[in-house]
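[1] Okay, structure incoming, though there's no sequence with it:
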């Protein structure tokens with residue numbers, strides 16, 4: 001289970017952030033390059049990021065995963081390149097920790 005969260009500059013500590021989206025993904029037994037996912041909780045700004053993260057992690061770990069995410073790349077004002085770089089770093093960090101625990 002992974003939960004991804006972010007803050008923006010100027011956020012106060014007393015500001016409550018929404019939970020965001022919650023996605024379940026698992027590897028497809030019939031096609032190793034594919035994954036199956038379902039949305040458990042939908043938040044329009046973060047659903048695409050949560051789904052993409054869940055599918056990549058399920059495919060790489062070959063295990064079912066739950067991903068909670070309140071990251072909304074549009075509202076943070078990041079470019080596509082910055083978003084992809086951040087996504088890659090998140091996945092790489094999670095996979096490194098997962099490899100250590102094996």
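    Now that the structure is in, tell me what you want to look at. Fair warning: this is a prediction, and the values are worked out from it, not measured in the lab.
[2] any low-confidence regions in this structure?
    For the chain, applying pLDDT under 70 flags the ranges 7-17.
[3] Return the residues in contact with residue 64.
    Neighbouring residues of residue 64 by CB atoms under 8 Å, 6 or more residues apart in numbering: 24-27, 58. No exception for glycine: its C-beta is placed from N, CA and C like everyone else's.
[4] cutoff 10 Å now
    Residues in contact with residue 64, defined by CB atoms under 10 Å, 6 or more residues apart in numbering, are 24-27, 35-37, 54, 57-58.
[5] all strands for the protein, in order.
    Taking DSSP state E to define them, one finds strands in the chain at 2-4, 21-27, 35-41, 65-69.
[6] one step back: which one of the contacts of residue 64 sits closest to residue 80?
    Nearest to residue 80 among the contacts of residue 64 is residue 54, at 20.2 Å by CB to CB.
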